[in-house]
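Colleague: What shape does this take:
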Amino acid sequence: LGDRVRPDQEPSWLYWLDQAELAAMTGRCLVALDRPVRALPLLAQPGLRRPRRGQPRTRAVYAGWYARALLGVGEVEQACAVGADAAVEAVRAGSVRAAEQTRELSVRLAARPQTRPIRELSELITQLTSYLPGSSTRPGVN
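Modeller: You can find the predicted model right below:
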């Protein structure tokens, strides 16, 4: 499908659906289906991991999926580094979807042996949780 997309022939509302977005969607589906090996090359594309400046939500969501795929293949230290970036970007973004990725990553970390990188990322997420959308303990919110 992706190789058949012709921007000059597509409706204007389809502006966001390009090769990188199709790869990201496919990678996210593969992570959800517990097929992280196949997801990694799709989610590791530079355009997904480092989108344009001013897009913390995009960075947070894609980095969250990428971190989950890395955890799935046992790359714990790299997953924790990517997950830390995702968690910070989720706070910057103020996005519910980005916050959900951070919370899901936290759940997956809790199920793993508590190595130093996992403990550090878990602590970071705990510290950031109150700043994530959907948290009932957000500062200034009753």
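Colleague: what's the burial count for residue 10?
Modeller: For residue 10, the count of nearby residues is 11 (other CB atoms under 10 Å). Placement of C-beta: from N, CA and C, glycine included.
Colleague: contacting residues for it?
Modeller: Listed by CB atoms under 8 Å, 6 or more residues apart in numbering, the contact partners of residue 10 are residue 17.
Colleague: And for stretch 117-127, what's in contact with it?
Modeller: So stretch 117-127 is contacted by 76-77, 80-81, 83-84, 87-88, 102, 105-106, 109-110, 112, 114 (CB under 8 Å, 6+ apart).
Colleague: Write the ChimeraX selection for whichever of those residues are buried.
Modeller: A single ChimeraX command selects the buried members of the contacts of stretch 117-127 (16 or more other CB atoms under 10 Å):
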select :76,80,81,83,84,87,88,102,105,106,109
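Colleague: Where does pLDDT dip in the protein?
Modeller: Within the chain, the stretches with pLDDT under 70 are 1-7, 15-16, 46-54, 135-142.
Colleague: tell me, what residue is most central in this structure?
Modeller: Taking CA atoms, centre = their mean, the centroid of the chain lies closest to residue 64, which sits 2.0 Å from it.
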